[in-house]
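K.L.:
structure for this input, please:
(chains A, B and C)
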Amino acid sequence: MYSFQSPFGVIHYDWHEGLCHGLTLQQSDMMHAKHDNPVSAWLSAYFSGTTQALPALAPAKTNFQRKLRHGLCAIPYGKVKTYGELAKTLSTAPRALGQALGANPFPIIIPCHRVVAAGGLGGFHYGSDWKKSLLNFEQL
DNA sequence: TCAAAGATACCGT
DNA sequence: ACGGTATCTTTGA
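P.N.:
Residues are numbered from 1 along each chain as shown, chains lettered A, B, ... in the order given. I've put the predicted structure just below:
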(Lines give C-alpha, C1' and ligand atoms only; values in the text may rest on other atoms or scores of the structure.)
Protein backbone atom coordinates (compact mmCIF):
# COMPACT_ATOMS: atom_id res chain seq x y z
CA MET A 1 0.00 0.00 0.00
CA TYR A 2 1.41 3.36 -1.05
CA SER A 3 0.19 6.86 -0.35
CA PHE A 4 0.23 10.14 -2.22
CA GLN A 5 -0.32 13.59 -0.74
CA SER A 6 -2.73 15.52 -2.94
CA PRO A 7 -3.94 19.08 -2.38
CA PHE A 8 -7.32 17.74 -1.27
CA GLY A 9 -6.31 14.82 0.94
CA VAL A 10 -4.28 11.66 0.99
CA ILE A 11 -4.68 9.00 -1.68
CA HIS A 12 -3.75 5.41 -0.87
CA TYR A 13 -3.26 2.88 -3.60
CA ASP A 14 -2.15 -0.67 -4.26
CA TRP A 15 0.67 -1.17 -6.70
CA HIS A 16 2.36 -4.49 -7.22
CA GLU A 17 3.33 -6.81 -10.04
CA GLY A 18 3.50 -3.71 -12.23
CA LEU A 19 -0.24 -3.16 -11.95
CA CYS A 20 -2.43 -0.78 -10.02
CA HIS A 21 -5.12 -2.61 -8.13
CA GLY A 22 -7.13 0.23 -6.69
CA LEU A 23 -7.20 3.67 -5.12
CA THR A 24 -8.86 4.93 -1.96
CA LEU A 25 -9.35 8.57 -1.08
CA GLN A 26 -8.99 9.57 2.56
CA GLN A 27 -10.81 12.37 4.31
CA SER A 28 -7.99 13.59 6.53
CA ASP A 29 -4.37 14.45 5.91
CA MET A 30 -1.65 12.04 6.93
CA MET A 31 2.05 11.64 6.48
CA HIS A 32 3.55 12.49 3.15
CA ALA A 33 5.53 9.75 1.49
CA LYS A 34 7.08 10.09 -1.94
CA HIS A 35 7.11 7.05 -4.14
CA ASP A 36 8.59 6.41 -7.51
CA ASN A 37 6.12 4.47 -9.57
CA PRO A 38 3.76 5.19 -12.46
CA VAL A 39 0.77 5.83 -10.22
CA SER A 40 2.45 8.56 -8.21
CA ALA A 41 3.87 9.98 -11.40
CA TRP A 42 0.42 10.14 -12.92
CA LEU A 43 -1.13 11.71 -9.83
CA SER A 44 1.67 14.18 -9.55
CA ALA A 45 1.17 15.22 -13.15
CA TYR A 46 -2.57 15.42 -12.74
CA PHE A 47 -2.34 17.72 -9.75
CA SER A 48 0.10 19.91 -11.67
CA GLY A 49 -2.56 20.35 -14.29
CA THR A 50 -1.04 18.22 -17.05
CA THR A 51 -2.19 14.96 -18.55
CA GLN A 52 -0.25 11.80 -19.06
CA ALA A 53 -0.65 8.20 -20.25
CA LEU A 54 -2.49 6.08 -17.70
CA PRO A 55 -0.53 3.70 -15.49
CA ALA A 56 -1.26 -0.01 -15.81
CA LEU A 57 -4.59 -0.73 -14.16
CA ALA A 58 -5.99 -4.04 -13.01
CA PRO A 59 -8.61 -5.21 -15.50
CA ALA A 60 -12.27 -4.62 -14.75
CA LYS A 61 -14.23 -7.56 -13.47
CA THR A 62 -17.25 -7.32 -15.72
CA ASN A 63 -17.94 -6.35 -19.30
CA PHE A 64 -20.11 -3.52 -18.20
CA GLN A 65 -17.36 -1.98 -16.13
CA ARG A 66 -14.97 -2.20 -19.07
CA LYS A 67 -17.45 -0.32 -21.20
CA LEU A 68 -17.93 2.17 -18.44
CA ARG A 69 -14.21 2.79 -18.09
CA HIS A 70 -13.96 3.46 -21.78
CA GLY A 71 -16.89 5.82 -21.70
CA LEU A 72 -15.45 7.78 -18.83
CA CYS A 73 -12.08 8.25 -20.44
CA ALA A 74 -13.90 9.82 -23.36
CA ILE A 75 -14.88 12.78 -21.20
CA PRO A 76 -12.21 15.43 -21.75
CA TYR A 77 -10.42 17.24 -18.95
CA GLY A 78 -12.46 20.09 -17.54
CA LYS A 79 -15.78 18.88 -18.92
CA VAL A 80 -18.65 17.12 -17.18
CA LYS A 81 -21.45 14.83 -18.29
CA THR A 82 -24.66 13.85 -16.56
CA TYR A 83 -25.47 10.32 -15.49
CA GLY A 84 -28.33 10.33 -17.94
CA GLU A 85 -26.26 11.37 -20.96
CA LEU A 86 -23.52 8.90 -20.30
CA ALA A 87 -26.04 6.17 -19.63
CA LYS A 88 -27.57 6.83 -23.02
CA THR A 89 -24.29 6.50 -24.88
CA LEU A 90 -23.67 3.22 -23.07
CA SER A 91 -27.23 2.03 -23.63
CA THR A 92 -27.90 1.53 -19.97
CA ALA A 93 -29.90 3.11 -17.16
CA PRO A 94 -28.72 6.13 -15.19
CA ARG A 95 -29.17 4.26 -11.97
CA ALA A 96 -27.03 1.36 -13.13
CA LEU A 97 -24.35 3.82 -14.08
CA GLY A 98 -24.23 5.36 -10.65
CA GLN A 99 -24.08 1.96 -9.07
CA ALA A 100 -21.07 1.07 -11.19
CA LEU A 101 -19.31 4.37 -10.64
CA GLY A 102 -19.41 3.84 -6.91
CA ALA A 103 -17.80 0.45 -7.41
CA ASN A 104 -15.03 1.86 -9.58
CA PRO A 105 -11.66 1.02 -7.94
CA PHE A 106 -9.81 3.86 -9.66
CA PRO A 107 -11.30 7.20 -8.71
CA ILE A 108 -9.58 10.24 -10.29
CA ILE A 109 -7.50 8.13 -12.70
CA ILE A 110 -10.77 6.96 -14.21
CA PRO A 111 -12.49 10.34 -14.03
CA CYS A 112 -15.67 9.30 -12.26
CA HIS A 113 -15.87 12.77 -10.71
CA ARG A 114 -16.75 14.29 -14.09
CA VAL A 115 -20.18 12.73 -13.97
CA VAL A 116 -22.85 14.86 -12.31
CA ALA A 117 -26.56 14.52 -11.71
CA ALA A 118 -29.03 16.23 -14.02
CA GLY A 119 -30.13 18.61 -11.28
CA GLY A 120 -26.78 19.44 -9.69
CA LEU A 121 -23.75 17.71 -8.28
CA GLY A 122 -24.38 14.01 -7.89
CA GLY A 123 -22.97 11.83 -5.17
CA PHE A 124 -19.47 10.54 -4.72
CA HIS A 125 -18.28 7.36 -3.06
CA TYR A 126 -15.57 9.03 -0.99
CA GLY A 127 -17.62 12.09 -0.08
CA SER A 128 -18.76 15.00 -2.20
CA ASP A 129 -15.94 17.18 -0.87
CA TRP A 130 -13.53 15.34 -3.11
CA LYS A 131 -15.82 15.66 -6.08
CA LYS A 132 -16.31 19.37 -5.55
CA SER A 133 -12.60 19.99 -5.08
CA LEU A 134 -11.65 18.01 -8.16
CA LEU A 135 -14.20 19.69 -10.39
CA ASN A 136 -13.27 23.07 -9.07
CA PHE A 137 -9.62 22.29 -9.69
CA GLU A 138 -10.21 21.18 -13.28
CA GLN A 139 -12.34 24.12 -14.23
CA LEU A 140 -9.84 26.80 -13.41
C1' DT B 1 -32.03 -18.12 -8.49
C1' DC B 2 -34.09 -14.04 -6.44
C1' DA B 3 -34.50 -9.91 -3.88
C1' DA B 4 -32.73 -5.49 -2.72
C1' DA B 5 -30.04 -1.52 -3.15
C1' DG B 6 -27.71 2.33 -5.79
C1' DA B 7 -23.37 8.43 -6.85
C1' DT B 8 -30.59 8.75 -11.25
C1' DA B 9 -34.37 10.66 -14.34
C1' DC B 10 -38.86 11.92 -15.44
C1' DC B 11 -43.68 12.72 -15.18
C1' DG B 12 -47.80 13.50 -12.60
C1' DT B 13 -50.12 16.21 -9.19
C1' DA C 1 -41.83 21.38 -4.88
C1' DC C 2 -42.83 16.54 -3.85
C1' DG C 3 -43.66 11.68 -4.52
C1' DG C 4 -44.03 7.69 -7.15
C1' DT C 5 -42.32 4.83 -10.87
C1' DA C 6 -39.23 3.30 -14.57
C1' DT C 7 -34.81 1.21 -15.20
C1' DC C 8 -30.18 -1.90 -15.15
C1' DT C 9 -26.18 -3.94 -12.83
C1' DT C 10 -24.14 -6.05 -8.71
C1' DT C 11 -24.07 -8.51 -4.69
C1' DG C 12 -25.46 -11.36 -0.94
C1' DA C 13 -28.66 -14.90 0.88
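K.L.:
in contact with the residue of chain A found nearest DNA strand B, which residues?
P.N.:
Nearest residue of chain A to DNA strand B: residue A:123, at 2.1 Å (Cβ to the nearest atom of the strand). For the C-beta atoms, the positions are set from N, CA and C on the backbone; glycine is no exception. Residues in contact with residue A:123 (Cβ atoms under 8 Å, 6 or more residues apart in numbering) are A:98, A:102, A:117.
K.L.:
with respect to residue A:43, which of the residues you listed is nearest?
P.N.:
Residue A:43 has its nearest neighbour among the contacts of residue A:123 in residue A:102, at 20.9 Å by Cβ to Cβ.
K.L.:
thinking again about what came up before, need the buried ones from the contacts of residue A:123 selected in PyMOL.
P.N.:
Here is the PyMOL command that selects the buried residues among the contacts of residue A:123 (16 or more other Cβ atoms under 10 Å):
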select buried, chain A and resi 98
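K.L.:
could I get the contacts of residue A:123 as a markdown table with secondary structure, distance to DNA strand C and pLDDT?
P.N.:
Converted to a markdown table, these look like this (DSSP: H, G, I helix; E, B strand; the rest coil; distance: Cβ to the nearest atom of the strand, whole Å; pLDDT from 0 to 100):
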| residue | secondary structure | distance to DNA strand C | pLDDT |
| --- | --- | --- | --- |
| A:98 | helix | 9 | 97 |
| A:102 | helix | 10 | 96 |
| A:117 | strand | 12 | 97 |
